[in-house]
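**Student:** Here is a sequence with its predicted model. Questions after.
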Amino acid sequence: MGTAIVTGAAGQDGYYLVRRLAAEGVHVHAVIRARGSASGIDRIAGPGSVTVHELDINDAPGHERLLAQVRPDEFYNLAGLSSVSASFLEPNTTWRTNADAVQALLEAVRTVSPLTRFYQSSSTEMFGAEPGEAITNDEGSRFMPQSPYAAAKAAAHLACDAYRRTYGLRTAAGILSNHESRRRAPGFLTRKVVDHVRMLRRLGTDHLDDVAPLAVGNLAARRDWGFAPDYVDGMVRVIRQIEVRARTLRLPADADVGASYRDYVLGSGRLHAVWQLVDRAFALAGLALDWDRSDPDPASWAATFRTTGGPAIVVDPTFIRPTDPAAIRADPAKARRELGWRPPTGLDRFLADMLDASDDELATHR
């Protein structure tokens, strides 16, 4: 059963991970920034128990004390600024929480709990691409970050690799593509779209044209989206990879030492354009759209309601970032082959979850 520390426990991934571990009987130490951000973490029931700690990710001495006290079997670092767009507005905060804090955690593990398995939540944003370029990423792809968020994540990822090679720490990173759920915070594209659709659904079809159209950015951009609980399952497989890999490949287990640990890309392997995501969210709510994508310039694309002909979707040029790659696809072949991780694909899995959530479930993230 064991023990685990989860930082960023009040976030989307942290919530599902704490639930998963507690259900297994693991004693989870859930680290949140402030009690008001717990979002129900301290009410999760299961065969195991959950202890909530209020601790800022930048409090290095505090995390070292917690590690020394708990000496957990597993440490999942999910904390830090998670929004690419917000990182442009807060680059210094992004670096402190997503890079400096990770190095401090690694040093704490090395000095007070060196047998702890350490999971780092990395991102496919680290790979980047030339502006307008489409790219497929696997574990061997080079880093070319296009945002402060991506740069900080890349630095933390390399620090984990360095501590694994230099000190033999059992560190492993899941390099995750976009993953969504009803626990997604406002400010993210999927939540913005779903909140708008939910509002239209409440108003009813007679009032569709009374509402300003949804303004979005680059509708042509293609991304790899999945469902957050599936990716949390991938995280657990990554940190427990020694036994999972042996079971999946039906081979003797590797020695449980730092040199045996590997990083894995976790993604669906399928691309969808932003306009397709928007179209499907509206369709699931019974709001069919008609699109005008005749202009080669996506900034001119728009959609209308099929029932009324009124404007439903417009592009706001200020939301378009010129450095954005045209497409970022993850190749999860290694995780599929070695860890047996095969998540269902498609947009409906997470969009339906978000649309079916109660207002209270979404409101916890405002």
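**Tutor:** Sure thing, it's come through.
**Student:** residue ranges for the strands of the stretch 201-350 of the chain, please.
**Tutor:** Residue ranges of the strands in the stretch 201-350 of the chain, as given by DSSP state E, counting those that start in this stretch, are 214-216, 222-223, 225-227, 264-266, 272-273, 289-292, 302-305, 311-315, 327-330.
**Student:** do you know which of those strands lies nearest Pro186?
**Tutor:** In terms of C-beta to C-beta, the element of the strands of the stretch 201-350 of the chain nearest to Pro186 is strand 214-216, at 14.2 Å. (Glycine included, C-beta is placed from N, CA and C.)
**Student:** strand partners of the closest one, parallel vs antiparallel please.
**Tutor:** On the basis of DSSP bridges, the sheet neighbours of strand 214-216 come out as strand 311-315 (parallel).
**Student:** which one of the strands of the stretch 201-350 of the chain is the most hemmed in?
**Tutor:** Comparing the strands of the stretch 201-350 of the chain by mean neighbour count (mean count of other C-beta atoms under 10 Å), strand 264-266 ranks first with a mean of 27.
**Student:** Direction included, what does that one pair against?
**Tutor:** Based on DSSP bridges, the pairing partners of strand 264-266 within the sheet are strand 171-176 (parallel).
**Student:** From the contact counts, what lies against the next helix-or-strand element following the strand it pairs with?
**Tutor:** Sequence-wise, the next helix or strand beyond strand 171-176 is strand 178-180, with elements assigned using DSSP states H and E. When contacts are defined as 3 or more C-beta pairs under 8 Å, 6 or more residues apart in numbering; DSSP states H and E, strand 178-180 sits against strand 225-227, helix 228-239, helix 348-356.
**Student:** in its sheet, what does strand 178-180 sit against?
**Tutor:** In the sheet, strand 178-180 lines up against strand 225-227 (parallel) (DSSP bridges).
**Student:** I would like the residues contacting the partner strand, please.
**Tutor:** 177-181, 190, 267-268, 272, 277, 343-345, 347, 349-350, 353 (C-beta atoms under 8 Å, 6 or more residues apart in numbering).
**Student:** surely Asp290 meets Arg306?
**Tutor:** Yes: taking contact to mean C-beta atoms under 8 Å, the distance of 5.2 Å between Asp290 and Arg306 places them in contact.
**Student:** Next, give phi and psi for Tyr163.
**Tutor:** Recorded main-chain torsions at Tyr163 are phi -70, psi -30, according to degrees, to the nearest 10.
**Student:** where's Ala68 relative to Thr116, distance?
**Tutor:** Distance check for Ala68 against Thr116: by C-beta to C-beta, to the nearest Å, it reads 11 Å.
**Student:** again with Asp138
**Tutor:** Here the distance between Asp138 and Thr116 works out to 28 Å (C-beta to C-beta).
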